[in-house]
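J.: Turn this into a model:
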Amino acid sequence: VGELFSVSKTLEMAYAHGCAAILVRKHFPMDKKKYDFHYTRSQYYKNVFDPGSGFFRGKNSKGQFTEPFDPNVTNENEFVEATPWQYLFHVQHDVDEMIAMMGGKEKFIKKLDALFLAEKGKIDDHILDITGLIGQYAHGNEPSHHVTYLYNYAGEPWKTQEKIHELCNRFYTNKPDGLCGNEDCGQMSAWYIFSALGFYPVDPSSGEYSLGKPMIKNARIKLPNSKIFEVRTTNFNTEYKYVKSVTLNGKRLTQPIIRHEDIIKGGVLEYELSDKAETSCYK
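T.: Here you go, the predicted structure:
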């Protein structure tokens, strides 16, 4: 603590250790010591969470949260190219625990809503990646890219669908300046391709994809095993923001999740769109 970007590093490394723990469990199942090492460190994000403010914060040499604190302002001693708002949900490997840490699903939803309504605050001019802003959500920078999908985990998938529709239409165009942020080796485009297909890897290490709302009527993905995974959209309309139902190979999904193994087997993921929020789309 006290090092440049201290909070961002703590959160990023916690995720890296979470991924390492999964690898150890899969490939070295008898090495409990190594697994415990990585798992323990994957939980270090909790060390910088301040229940009083409800944000991740930096600490001084005495272990006290630093002052002054403003979640709308950039502070490069603690966060890299971001504000506290933009790193608040950076616990992709432990979403259920993050929700509990923030007070449960209802409070978590309110916090997500507040992110998109927050004041833009003071953003240093030399930090170019804080772009594509909706409130404090910054689509031009990677730490925000999974955030819209987190509504799925708290029981309000229609808000994920609504946000995906807005982001795809608002921040991606076919003009020379058609991206709202730094492409960064293809991440801005990768987010769009995944989201346009209707799913996104919130936590790639989990082997799961969180479902959103497709922006295309039909797509066929050719797989290395010569199989095809197809996305179809019924009742397709470019103005429709919401999903009425989703089926995988004819079976209705009851959760907004598909697994990587579902994709590589080949098959059909079919969405039915709607012009109104469907609170029971996965029931």
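J.: which regions of this structure lie under the pLDDT threshold?
T.: 1-4, 121-128 (pLDDT under 70).
J.: Could you identify the longest helix within it?
T.: Using DSSP state H, we find that the single longest helix of the chain is helix 6-27.
J.: buried sites along it?
T.: Residues of helix 6-27 classed as buried under the neighbour-count rule (16 or more other C-beta atoms under 10 Å) are 6-12, 14-15, 17-22, 24. Placement of C-beta: from N, CA and C, glycine included.
J.: same question, stretch 243-253
T.: Judged by neighbour count (16+ other C-beta under 10 Å), stretch 243-253 contains these buried residues: Val243, Lys244, Ser245, Val246, Leu248, Leu253.
J.: Same list (the residues you listed) but as a markdown table, adding distance to Gln136 and secondary structure.
T.: Compiled in a markdown table, the buried residues of stretch 243-253 are given as follows (distance: C-beta to C-beta, whole Å; DSSP: H, G, I helix; E, B strand; the rest coil):
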| residue | distance to Gln136 | secondary structure |
| --- | --- | --- |
| Val243 | 26 | strand |
| Lys244 | 31 | strand |
| Ser245 | 33 | strand |
| Val246 | 30 | strand |
| Leu248 | 35 | strand |
| Leu253 | 31 | coil |
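J.: Need the max-distance pair from those residues.
T.: Of all pairs drawn from the buried residues of stretch 243-253, the one with the longest distance (C-beta to C-beta) is Lys244 and Leu248, at 15.3 Å.
J.: Let me have the buried residues of stretch 243-253 in JSON lines, extended by distance to Glu270.
T.: JSON lines is the format used below for these (distance: C-beta to C-beta, whole Å):
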{"residue": "Val243", "distance to Glu270": "11"}
{"residue": "Lys244", "distance to Glu270": "11"}
{"residue": "Ser245", "distance to Glu270": "9"}
{"residue": "Val246", "distance to Glu270": "7"}
{"residue": "Leu248", "distance to Glu270": "8"}
{"residue": "Leu253", "distance to Glu270": "10"}
